[in-house]
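Participant: A structural model of the following input is requested.
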Amino acid sequence: LIVPLMLLLLFGIIEVGTYAWTINKSEKATQMGARMAVVTDPVATGLNLDYVGLTIGGQTLGQGDTIPLNSMLVTCNSTACSCSGCPAGMTVALATGSPSPFNRIVQRMQNFDSTITAANVEVLYRSSGLGYAGDPSGMDISPLITVRLKNRTYQAPFLFKTAIPLPSSSYSLTMEDASGSVSN
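Facilitator: As a prediction, this is how the structure comes out:
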């Protein structure tokens with residue numbers, strides 16, 4: 001009488017542990033994807049905009065003015081980039097290359113969880129309040145980059161034999177050099 005209950009409990013513990021391990025792998029993959037995104041070429045083109053003379057939130061920026069917080073939000077997925085609240089004249093597109101910056105992020109994430117696909121990944125660039133209009137040393141804006149992992153399921157191998165939704169995970173860092181194709 002006790003053996004079936006003990007086996008059920010044992011397999012239940014294994015299922016819950018494997019589910020928790022999968023969540024942990026997803027979170028670590030998201031962290032590494034964000035790290036890759038902040039030190040390599042941006043996924044979106046058009047971020048290198050000269051903010052001098054642009055009006056954001058009713059304020060026209062001059063040379064050396066701080067770029068206001070929440071002046072843009074660029075969202076990129078595996079097929080396109082879109083921009084909301086972006087300054088006039090800013091057009092964004094998905095960067096290309098072989099492999100593209102987006103695919104390099106996905107490949108880095110797949111090193112931690114091989115079940116991740118490009119369709120599960122989203123990269124967001126949000127103004128952080130850092131950066132100065134007319135910065136002569138690079139991009140004017142220093143965005144906050146968020147890598148988000150979503151729409152994934154866990155296939156329970158033992159007891160339930162069903163797909164269980166995994167929680168979305170995201171991780172944000174401030175852009176660093178945004179140059180190159182390798183993260184150390």
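
Participant: tell me which strands the helix or strand of the chain with the lowest mean pLDDT pairs with, and in which orientation.
Facilitator: Of all helical and strand segments in the chain, the minimum by mean pLDDT, DSSP states H and E falls on strand 55-56, at a mean of 82. The strands that strand 55-56 pairs with in its sheet are strand 59-60 (antiparallel) (by DSSP bridges).

Participant: centre of the chain to the partner strand, how far?
Facilitator: Centre-to-centre, strand 59-60 and its host chain are 30 Å apart (C-alpha atoms, centre = their mean, to the nearest Å).

Participant: report the contact partners of the residue nearest to the spatial centre of the chain.
Facilitator: In the chain, the residue lying closest to the centroid (C-alpha atoms, centre = their mean) is V147, at 1.2 Å. Neighbour list for V147: 30, 33-34, 37, 105, 109, 121-124, 170-172 [criterion: C-beta atoms under 8 Å, 6 or more residues apart in numbering]. C-beta coordinates here come from the backbone N, C-alpha and C atoms, glycine included.

Participant: longest helix anywhere in this structure?
Facilitator: helix 2-39 (DSSP state H).

Participant: okay, buried residues for it please.
Facilitator: 15, 22, 25-39 (16 or more other C-beta atoms under 10 Å).

Participant: pretty sure Q31 contacts S170?
Facilitator: No. Proximity of Q31 to S170 does not meet the contact threshold set by C-beta atoms under 8 Å, at 9.8 Å.
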